[in-house]
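Q: Predicted structure and sequence below. I'll ask about it afterward.
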Amino acid sequence: MASLQSQIFDLIQESQYWSKDALRAYQESQLSQLIAHARATVPFYRHRLDGLFRSDGSIDWSRWHDLPVLTRSDLRDHGAELCTSAPPPGHGEIRNSMTSGSSGTPVHLRQNLLFLQATNVAGRRFALWAGITPEMTFATLAAYFPRHLDETVNVHELPAQSTLPGRGRRLVVRRTLPPAALLDLLAAEGVEALGGNVNLIEIMARENARRAQPVRLAAVMFYGVQVHEAQIRTIANSFGARCFDTYSAEETGRIASQCAPGSAYHINAEQMLVEVVDSSNRSVAPGQEGRILVTPFLLTAQPLIRYELGDLAVAGEACSCGRSLPTIARLTGRQDPLFLDAGGRAIFPHFDHELIIEALHCQAYQLAQTAPLAVEVRYIPGSTAPAAPGLAAIRAMILKVMPEQTTVTFMAVEGLPDHTGRKIQRIVREFSPAGTQ
């Protein structure tokens, strides 16, 4: 697979500058192969894709938007039917995985090795966009720390990457360490760039700002959850780093990344089709908001065709950087779980991050809906205790979103719960609607 990874890397380094017509032709070729495979070997798709074909058996791409959307519920309820009975030759062994459950009930996944290798290569391209070169030491606060290592081992060095040879090191750090210990480790290992969950890195940044000799970094990359401008400012000021956000999902791999701080997100279009669609499941125009659908080309173990992630985004324009890859202008709603009222109706938990941080004087916080009419505000205290007017302002803000009977409680904690052991979420719902598991 090493030589194949190099080939994939060389391809995507070249193809990011292809013309729109060349990229579209490549995508249609990849989609054609995936569709043929799904119809022939995946029970769920045996007739689901029939409307895409003309009477002579050729594909009519103008009908693509008429294909039904695949939902998370479909994946949860029909996971076995979505699995292939005949993996394509060369696509590698099939591995079992599952989503974190941060945006709902976890779902089981089956992913083939070629898909996993390709999405890792895409991540290396994203790192290069962020100026993280093979000559740098890059540490990841990964969701998974190697299980075979002793509990006393807190950093693991990955083998040299065949696609990006260089003297730099790639480290995986045990992210459950206290913030001060994580900073000590970064300093001891000479880490120059960092990647991980923005909420954890924000906690580290606030701790770093209090150090006599703060850790300095060239670049920070975020993955996994919604990123807010106030967090970026805190992290950039603390570490002196350029900050880049990336967009990915357990189910679909690496989707998009910024090529410059605050820029649009370039879509990983050689490995997937990403659509921003309206209520009719048709693509919106640049500048308009819509739901995100993703179709990974190389995920053949359990094909996801027009899979809805549950995220919202604004479709983007061409970027001035010269790359021709399509863009997402900004992510407007990203896998934060919905709150629910007593009747099970959705409530969008949009709150003012800066107001909460300033009122609590905290390092970090989490809003947890623990029952239909109960919200718990958990926070890691800062040097100053929150004052009553600040708490009242937070309570009033929450009650503008939640039913007026909702109780709001505040709890100082030493650390925020790491839900499902995978990511620290700022917004969590800790109960299921009636009638679900």
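A: Now that the structure is in, tell me what you want to look at.
Q: Glu207 contacts Ala180, doesn't it?
A: Yes - the pair Glu207 / Ala180 is scored as a contact, 5.8 Å apart, by Cβ atoms under 8 Å. For the C-beta atoms, the positions are set from N, CA and C on the backbone; glycine is no exception.
Q: Those two: which has the busier surroundings?
A: Glu207 (20 against 13; other Cβ atoms under 10 Å).
Q: At which residues are the helices of the stretch 1-150 of the chain located?
A: Secondary structure of the stretch 1-150 of the chain by DSSP state H, counting those that start in this stretch: the helices cover 2-15, 20-41, 72-77, 113-129.
Q: Mind checking those helices for the one nearest to Leu309?
A: For the helices of the stretch 1-150 of the chain, proximity to Leu309 was assessed by Cβ to Cβ; helix 72-77 is nearest, at 7.9 Å.
Q: Centre of the chain to the closest one, how far?
A: Chain-centre distance of helix 72-77: 19 Å, with Cα atoms, centre = their mean, to the nearest Å.
Q: Next, format the helices of the stretch 1-150 of the chain as JSON lines and append mean neighbour count, distance to Val191 and mean pLDDT.
A: Formatted as JSON lines, these follow (neighbours: other Cβ atoms under 10 Å; distance: least, Cβ to Cβ, whole Å; pLDDT from 0 to 100):
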{"stretch": "helix 2-15", "mean neighbour count": "15", "distance to Val191": "23", "mean pLDDT": "92"}
{"stretch": "helix 20-41", "mean neighbour count": "15", "distance to Val191": "35", "mean pLDDT": "98"}
{"stretch": "helix 72-77", "mean neighbour count": "16", "distance to Val191": "36", "mean pLDDT": "87"}
{"stretch": "helix 113-129", "mean neighbour count": "21", "distance to Val191": "14", "mean pLDDT": "95"}
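Q: Nearest to Asn197 among the ones you listed would be which one?
A: That would be, of these and by Cβ to Cβ, helix 113-129, which comes in at 15.2 Å.
Q: What about Val377? Give its phi and psi, please.
A: When quoted as degrees, to the nearest 10, the phi and psi of Val377 stand at phi -100, psi 110.
Q: Quickly find the element holding the residue nearest to it when sequence neighbours are not counted.
A: Among residues not flanking Val377 along the chain, Phe410 sits closest, at 4.8 Å (Cβ to Cβ, 6 or more residues apart in numbering). Under DSSP states H and E, the secondary-structure element containing Phe410 is strand 407-412.
Q: That strand pairs with which strands?
A: For strand 407-412, the pairing partners within the sheet under DSSP bridges are strand 374-381 (parallel).
Q: what residues does the partner strand touch?
A: With Cβ atoms under 8 Å, 6 or more residues apart in numbering as the test, strand 374-381 has contacts from 203, 339, 356, 360-370, 386, 394, 398, 402, 406-417.
Q: Would you confirm that Ala313 contacts Glu289?
A: Yes - taking Cβ under 8 Å as the definition, Ala313 is a contact partner of Glu289 at 7.0 Å.
Q: how is this structure carved up into domains?
A: With domains defined by automatic domain parsing, the chain comprises 1-335, 339-429.
Q: So for the shortest one, first residue to last residue, what's the gap.
A: Right, the one you point to is domain 339-429. Between the opening and closing residues of domain 339-429 lies a distance of 6 Å (Cα to Cα, to the nearest Å).
Q: Which one, of the helices of the stretch 1-150 of the chain, ends up nearest to Ile328?
A: Taking Cβ to Cβ as the measure, those were each checked against Ile328, and helix 113-129 came out nearest at 13.6 Å.
Q: tell me the angle the closest one makes with helix 2-15.
A: Taking axes from the mean of the first three to the mean of the last three Cα atoms, to 10 degrees, one finds that helix 113-129 is oriented at 50 degrees with respect to helix 2-15.
Q: Contacts for helix 113-129, please.
A: Here helix 113-129 makes contact (Cβ under 8 Å, 6+ apart) with 1, 4-5, 8-9, 12-13, 16, 90-95, 138, 161, 163-164, 193, 195, 221, 244, 246, 248, 253-254, 257-260, 266, 268, 271, 296, 298-301.
Q: Can you go through the residues you listed and name the buried ones?
A: The neighbour-count test (16 or more other Cβ atoms under 10 Å) applied to the contacts of helix 113-129 identifies 4-5, 8-9, 12, 16, 91-92, 94, 138, 161, 163-164, 193, 195, 221, 244, 246, 248, 253-254, 257-259, 266, 268, 271, 296, 298-301 as buried.
Q: Mind checking which of those residues land in strands?
A: Helix and strand membership here follows DSSP state E; of the buried ones among the contacts of helix 113-129, those in strands are 94, 138, 193, 195, 221, 244, 246, 248, 253-254, 257-258, 266, 296.
Q: Out of the residues you listed, which is nearest to Ala130?
A: The shortest separation between Ala130 and any of these is 4.2 Å, and it belongs to Phe244 (by Cβ to Cβ).
Q: Count the residues that sit near the closest residue to the closest one other than its chain neighbours.
A: Nearest in space to Phe244, with sequence neighbours left out and distances taken as Cβ to Cβ, 6+ apart, is Ala130 at 4.2 Å. By the criterion of other Cβ under 10 Å, Ala130 has 25 neighbours.
Q: what does the one 3 residues further on give?
A: By other Cβ under 10 Å, 16 other residues sit near Thr133.
Q: returning to that earlier point: return the per-residue confidence for the residue nearest to Val377.
A: At Phe410, the model reports a pLDDT of 96.
Q: could you measure Ala181 against Ala187, distance?
A: Summarising the geometry, the distance separating Ala181 from Ala187, computed by Cβ to Cβ, to the nearest Å, is 11 Å.
Q: Mind listing what's buried along stretch 234-249?
A: Along stretch 234-249, the positions that meet the burial threshold by neighbour count (16+ other Cβ under 10 Å) are 234-236, 238-239, 241-249.
Q: nearest to Glu308, of those residues?
A: In terms of Cβ to Cβ, no member of the buried residues of stretch 234-249 lies closer to Glu308 than Ala249, at 10.9 Å.
Q: do you know how far that closest one is from Ala359?
A: Counting by Cβ to Cβ - Ala249 and Ala359 are separated by 32 Å.
Q: Secondary structure class of Gly290, three-state.
A: For Gly290, the reduced secondary structure class is strand; criterion used: DSSP: H, G, I helix; E, B strand; the rest coil.
Q: nope, Arg206 is what I meant
A: The local conformation at Arg206, judged by three-state DSSP, is helix.
Q: Count the neighbours of it for me.
A: That count, for Arg206 with other Cβ under 10 Å as the rule, works out to 19.
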